[in-house]
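J.: Everything below, folded, please.
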Amino acid sequence: MPAWPPRSVRLTPGKRVLFLTKDLERIKEQLYGGLDLRMQDLRVEELLDDINTDVMTPAWVCFNHRPADIALNAYAGLMHNGQRVFRERALLDGNFEVIVSGQRKGTGSSRETAPQAERWCGIRIVIAASFAPIHERNNINLGQLMGDHAVLLRLQRGESIPLEEFTRRYDPVTRLILEAGGLFEFEKQLAAGRIRIPQPSTAPRPMTMTEKIIASKLVGPDGATRYVKPGDAVLARVDGGYSHEFTSAQVHEFLREEFGGAYTVQNPEKLAVFEDHLLYADGVQRMAPFAPRIQTLRDLQREFQRHTGVRDYSARDGVSPGICHQVAREEFVDPGDFIQATDSHTCMGGGSNALTYGVGATEYAALIHSGHTFVKVPESIRFELTGELDPGCTAKDVMLYILAEYARKELTLDRAMEFGGPGLRSLSMDERATLTNMATECTAKTGICEADGVTLAWLADRRPHLTRAQIRAKFVAPDPGARYDGGVHVVDLSRIRPMLAHPGDPDRGLPSDPTNGVAVDAIGDVPIDIAYGGSCTAGKFDDFDYYARVVQDAVDGGRKVAAGVRFYIQFGSLAVREYARRKGYLELFERAGVTVINPGCGACIGCGPGVSETPDQVTVSAINRNYQGRSGPGRLWLASPLTVAASAFEGRIVAYRPGMFARIPEHTGAA
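T.: Here you go, the predicted structure:
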């Protein structure tokens, strides 16, 4: 195979271009009928937007850890009339080298299996109007070239395009990675001294929290600048990170392949592996055929942990210590840290005033081996919170509002979302974690909250080896006069009302998306079959207080979970389970007819109780994303813990109002 990438790029004679059109029948005609399309005959508006990574490689495809096996079922999640558009081997056998879509290619999960599936099916050029940030980075790390539709027009006319036209829009370091053919080859050339990283020369300037953390981690000569600005391309030291059984196997395999069987990692005491994503997969009927592959992933993760000596959060007697993001913030994510992990909801750690975001398996493997990673300093957008939330609202409603009002307009795209202001002080640490957790749903780079007395008290209870003064010394605050390229936006918490994200229409090529926000009061009568509370977004301490508040009101009013509805609540960690036990919530939930589940990701990733079983089932869920098929084949609405719990007792989607379940006194009347 010729070296990749070539200095001059042109289409290979005999190879094909696949257009992912909103008319799914036209995709089938290209895959199975020999139809060849040309960009000049299509409008960009005819191409699929928001193709998410769950569509490209659904969870069950990720049970394979070898890219060649993953490629067999590329795009297995794209459905039409209940059937797969891409049958097994469809992309692999199609002889395609270019794939084309519309806006925001690769939204959703950080799973690198999505671009891997394309690459290992022969795709080397990916065309889209725009790319989700993590997905774009994964493509870069794999050496995939990306371009827009104008580039494709030229290629299909037979033009040979210089490589620099694909790379010049990037910073100098990203150009080096692409020109090397991917991240691993770049790291080898860097270690051998064959390439040099340009040092930033940014003059002293006020910085945002994200910029200040990156500046404090710069890798470079002593005395070099310690200031950065958006767009600067730098190498930064990483403090810690983690992977889970969906990704650890690939990390282990990649490191062995690239650096040999005796490879080492940096700072293992602040790295970890978690068994949380697939813990309950064995109990899901449709996952039964994949049991051997899942066990292989578990075995390889344990092998990786023994080899590296990283923190071990494996399940014991079938019970997980908890979801990686929740346990990490409880135990080792500190203010000012730079944390990377192989999951898009890593940004949840930003609630603790840390810089945290998800990366693919290739990038994670490289950074834990070297101790540093490439960073292009992101722009920031600030949300100044004022007021206090209504008793029927939570931080989940805030984020569904921000998704609908700001993310839909792409104001948050690839930016660091900074949360501050007097309203933030009214939110607990768990609620702040919800804000930053869902930054990835905004297609943002990450989210980060200012630190204050609430931060200090919460961490002091969980970091016995640190004094309060030591914790406070880690706090990072924005500088006065810091620049926010995305603007400063005031969100009055008192004006937030209970929100939902409604399901999309996958049969018309319209994927579900949390930006499909709508007020609960605006949807009319929507009966439900399943109510699910849990996941990293909604399995925290405060979330259980919310569930318990509603359940207690319902029990006091003589109510139980509505007939025909299954209500599941799943713990985010063992610490949360113990908290619920001490508070008496377990007995309360049992009296009300709630099914309680030990810690794990569960239904959020389609691997546990709470997953829908038929397309006609309706779920209201407190998880973070509702892509078609992610949590079963049914229709899934996103909501806050309060709305989910209230809906479980009403049998339809309703907002929670204190006292809504109060008994109505019987009218005795006069004799």
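J.: can you map out the helices along the stretch 451-600 of the chain?
T.: 453-460, 468-473, 535-538, 541-556, 574-583, 585-592 (DSSP state H, counting those that start in this stretch).
J.: and the chain, what are its domains?
T.: 8-191, 209-218+229-375, 378-495, 499-650 (automatic domain parsing).
J.: With respect to Arg663, which of those lies nearest?
T.: Nearest of the domains of the chain to Arg663, taken as Cβ to Cβ: domain 499-650 at 5.3 Å. C-betas here are computed from N, CA, C, even on glycine.
J.: Please look at Met209 and Phe475 and confirm they touch.
T.: No: checked against Cβ atoms under 8 Å, the pair Met209 and Phe475 is beyond contact range at 9.6 Å.
J.: what is in contact with those two at once?
T.: Asn353 (Cβ atoms under 8 Å, 6 or more residues apart in numbering).
J.: The two: which is more packed in?
T.: Met209 (29 against 17; other Cβ atoms under 10 Å).
J.: show me the contacts for that one.
T.: 353, 355, 380, 416, 418, 448, 450, 476-478.
J.: next one: Thr210
T.: 355, 377-378, 380, 416, 418, 445-446, 448.
J.: hang on, Pro6 in a strand?
T.: No: if the criterion is DSSP: H, G, I helix; E, B strand; the rest coil, then Pro6 is coil and not within a strand.
J.: Just the pLDDT for the residue nearest to it when sequence neighbours are not counted.
T.: Spatial nearest neighbour of Pro6, chain neighbours left out: Leu163 (6.8 Å); criterion: Cβ to Cβ, 6 or more residues apart in numbering. pLDDT, Leu163: 97.
J.: Provide a list of residues in contact with Gly102.
T.: 20, 22, 44-45, 47-49, 128-129.
J.: what kind of secondary structure is it in?
T.: Gly102 - assigned by three-state DSSP - is coil.
J.: what's the closest non-adjacent residue to it?
T.: Using Cβ to Cβ, 6+ apart, the nearest residue to Gly102 is Leu47, at 3.8 Å.
J.: swap in Pro391?
T.: Pro658 (5.7 Å).
J.: Quick check, pLDDT for that neighbour.
T.: For Pro658, the predicted pLDDT is 92.
J.: Now Gly539. Nearest residue, chain neighbours left out?
T.: Gly572 (2.9 Å).
J.: can you count the residues close to the one you found?
T.: 30.
J.: List the residues that contact it.
T.: Going by Cβ under 8 Å, 6+ apart, Gly572 touches 322-323, 326, 534-536, 538-540, 543, 599.
J.: For the stretch 251-400 of the chain, which segments count as helices?
T.: Going by DSSP H, counting those that start in this stretch, the stretch 251-400 of the chain shows helices at 291-308, 324-331, 361-370, 395-402.
J.: just for the stretch 501-650 of the chain, where's the confidence low?
T.: For the stretch 501-650 of the chain, the stretches with pLDDT under 70 are 504-515.
J.: make it 90
T.: 502-518, 602-609, 625-633 (pLDDT under 90).
J.: Show me the strands in it, by range?
T.: With DSSP state E, counting those that start in this stretch as the criterion, the stretch 501-650 of the chain has strands at 517-519, 530-533, 566-570, 595-597, 618-621, 635-638.
J.: Can you add distance to Arg137 and mean neighbour count and give the ones you listed back as JSON lines?
T.: Below are the strands of the stretch 501-650 of the chain laid out as JSON lines (distance: least, Cβ to Cβ, whole Å; neighbours: other Cβ atoms under 10 Å):
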{"stretch": "strand 517-519", "distance to Arg137": "27", "mean neighbour count": "17"}
{"stretch": "strand 530-533", "distance to Arg137": "31", "mean neighbour count": "30"}
{"stretch": "strand 566-570", "distance to Arg137": "31", "mean neighbour count": "25"}
{"stretch": "strand 595-597", "distance to Arg137": "34", "mean neighbour count": "18"}
{"stretch": "strand 618-621", "distance to Arg137": "28", "mean neighbour count": "26"}
{"stretch": "strand 635-638", "distance to Arg137": "26", "mean neighbour count": "27"}
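J.: mind putting those in CSV, distance to Pro13 included?
T.: Formatted as CSV, the strands of the stretch 501-650 of the chain follow (distance: least, Cβ to Cβ, whole Å):
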stretch, distance to Pro13
strand 517-519, 48
strand 530-533, 52
strand 566-570, 54
strand 595-597, 55
strand 618-621, 49
strand 635-638, 45
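J.: roughly how far apart are the residue nearest to Gly539 and Ala655?
T.: 23 Å (Cβ to Cβ, to the nearest Å).
J.: Quick check, Gln156 in contact with Leu37.
T.: No: using Cβ under 8 Å, Gln156 is not in contact with Leu37, being 9.5 Å away.
J.: which neighbours do the two share?
T.: Jointly contacting Gln156 and Leu37 under the rule Cβ under 8 Å, 6+ apart are Val17.
J.: who touches the residue positioned nearest the centre of the chain in this structure?
T.: By Cα atoms, centre = their mean, the chain has its centre lying nearest to Ser344, at 2.7 Å. When contacts are counted by Cβ under 8 Å, 6+ apart, Ser344 touches 108-110, 134, 358, 440.
J.: which of those tops the neighbour count?
T.: Thr440 leads these on contacts (other Cβ under 10 Å) with 30 neighbours.
J.: Contacts only, for that one.
T.: 110, 134, 344-345, 347, 357-358, 446, 624.
J.: now it: how far from Gly322?
T.: For Thr440, the distance to Gly322 - Cβ to Cβ - is 19 Å.
J.: cool, and Gly350?
T.: Counting by Cβ to Cβ, the gap from Gly350 to Gly322 is 18 Å.
J.: more crowded one of the two?
T.: It is Gly350, of Gly350 and Gly322, that has more neighbours when counted by other Cβ under 10 Å, with 31 against 28.
J.: ok, the more buried one touching Ile448?
T.: Yes: counting by Cβ under 8 Å, Gly350 touches Ile448, with 4.0 Å between them.
J.: overlap in contacts of the two?
T.: Looking at what touches both Gly350 and Ile448 (by Cβ under 8 Å, 6+ apart), the common residues are Thr436.
J.: Report the rounded mean pLDDT for stretch 237-247.
T.: 95.
J.: okay, how far is it across that stretch, tip to tip?
T.: Distance across stretch 237-247, first residue to last, is 22 Å (Cα to Cα, to the nearest Å).
J.: start the count at 134, not 1, going forward
T.: In the new numbering, first residue 134, that becomes stretch 370-380.
J.: Quick check: buried residues in it?
T.: For stretch 370-380, the neighbour count (16 or more other Cβ atoms under 10 Å) marks 370-380 as buried.
J.: what's the answer for stretch 340-359, then?
T.: 340-348, 350-352, 358-359.
J.: Please apply the same query to stretch 652-671.
T.: 653, 659, 661-671.
J.: for stretch 518-534, same thing?
T.: For stretch 518-534, burial by neighbour count (16+ other Cβ under 10 Å) applies to 518, 520-523, 525-534.
J.: Using CSV, write out every CA atom in that stretch.
T.: Output in CSV follows, covering the C-alpha atoms of stretch 518-534 (Å, rounded to 0.1, in the frame of the first residue of the first chain):
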residue,chain,number,x,y,z
LEU,A,518,-25.7,32.4,36.1
THR,A,519,-28.0,34.5,38.2
GLY,A,520,-31.0,33.8,40.4
GLU,A,521,-32.0,30.5,41.8
LEU,A,522,-33.9,27.5,40.4
ASP,A,523,-37.6,26.9,40.9
PRO,A,524,-38.2,23.9,43.2
GLY,A,525,-39.4,21.9,40.2
CYS,A,526,-36.2,22.4,38.2
THR,A,527,-32.7,21.0,38.3
ALA,A,528,-29.4,21.6,36.5
LYS,A,529,-30.6,19.2,33.9
ASP,A,530,-33.3,21.6,32.9
VAL,A,531,-30.7,24.4,32.7
MET,A,532,-28.6,22.3,30.3
LEU,A,533,-31.6,21.3,28.1
TYR,A,534,-32.4,25.0,27.9
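J.: Please consider this matter closed, and thank you.
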